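Engineer: just a sequence and a predicted model for now, questions to come.
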Amino acid sequence: MAWTTPKTWNVDELLTAANLNTHLRDNLNALKAPPTDHYECDEASEYTTTSTSFVDVDGTNLALTITTSGGDVLVHFHASVVHTNNGKIFFDMTLDGSRISRDDGFLGGYVSNAGAGNTASSWMSFTRLVTGVAAGEHTFVLQWRTTASTAKLFAGATTGQDVHPQFWAREVS
């Protein structure tokens, strides 16, 4: 249910069920259940990349679409990752096809080599407030890149690494 700008009432104005439902009930419902999309990974295989420029992690499952009233959107992601050569992994996201950040995204760091089994991992997460989002339908897509070699994001497929990343977006204003 969408938010409606509350009515300015006039002195001696008759209250109607339609006005009360629109401006009180419906707005309270909009505050209780804001536009939200969420995906928790439980994939048949892990995600990997060798790309040194930003690419979608998964343009289908890790693409969240919400219809906002306009304002701010809170976006969160967390996952367990490894790198095959002690390199850096960077994360960013797009909003309607345009990257949110510049240069190296808004999350990055060195991730150690987990050895041949690639099972010892590091946690990476972000929570990002995206401000000034116009009213309408918007899609947030998680992206990543590496400095060299191969980066791996655990998505629930590796035995002994029962990690299930989450990616979610929720309008907060």
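Structural biologist: Received it, and whenever you're ready, just let me know what you need.

Engineer: element containing V75?
Structural biologist: strand 71-83 (DSSP states H and E).

Engineer: list the buried residues for that strand?
Structural biologist: Buried residues in strand 71-83, defined by neighbour count with 16 or more other CB atoms under 10 Å: G71, V73, L74, V75, F77, A79, S80, V81, V82, H83. (Glycine included, C-beta is placed from N, CA and C.)

Engineer: what do you get for stretch 100-115?
Structural biologist: For stretch 100-115, the buried set under the neighbour-count rule, 16+ other CB under 10 Å, comprises S101, G105, L107, G108, V111, A114.

Engineer: so how far is W144 from the third one?
Structural biologist: With distances defined as CB to CB, to the nearest Å, the gap from L107 to W144 amounts to 9 Å.

Engineer: overlap in contacts, the two.
Structural biologist: Common contact partners of L107 and W144 (CB atoms under 8 Å, 6 or more residues apart in numbering): F90, F91, D92.

Engineer: OK, contacts around the residue lying closest to the first one once chain neighbours are set aside?
Structural biologist: What it means is F90. Ranked by CB to CB, 6 or more residues apart in numbering and with sequence neighbours excluded, the top spatial neighbour of F90 is G108, at 3.7 Å. Shown in contact with G108 (CB under 8 Å, 6+ apart): K88, I89, F90, F91.

Engineer: quick one: strands adjacent to the helix or strand of the chain with the lowest mean pLDDT?
Structural biologist: None of the helices or strands of the chain scores lower by mean pLDDT, DSSP states H and E than strand 107-110, at a mean of 77. Counting by DSSP bridges, the strands paired with strand 107-110 are strand 88-95 (antiparallel).

Engineer: just the residues contacting the strand it pairs with, thanks.
Structural biologist: For strand 88-95, the surrounding residues in contact (CB under 8 Å, 6+ apart) are 54, 75, 77, 81, 83, 99-101, 104-111, 124, 126, 128, 130, 133, 138-147, 151.

Engineer: centre of the chain to that strand, how far?
Structural biologist: Strand 88-95 sits 11 Å away from the centroid of its parent chain (CA atoms, centre = their mean, to the nearest Å).

Engineer: just the helices in the protein please.
Structural biologist: In the chain, helices defined by DSSP state H lie at 17-20, 26-32, listed in chain order.

Engineer: ok, residues contacting the last one?
Structural biologist: Right, helix 26-32. With contact meaning CB under 8 Å, 6+ apart, helix 26-32 is reached by M1, A2, W3, T4, P6, S69.

Engineer: which of those are buried?
Structural biologist: W3, S69.

Engineer: redo the contacts of helix 26-32 as CSV? Include pLDDT and distance to D42.
Structural biologist: Output for the contacts of helix 26-32, formatted as CSV (pLDDT from 0 to 100; distance: CB to CB, whole Å):
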residue, pLDDT, distance to D42
M1, 65, 30
A2, 74, 31
W3, 76, 33
T4, 83, 38
P6, 89, 42
S69, 88, 31
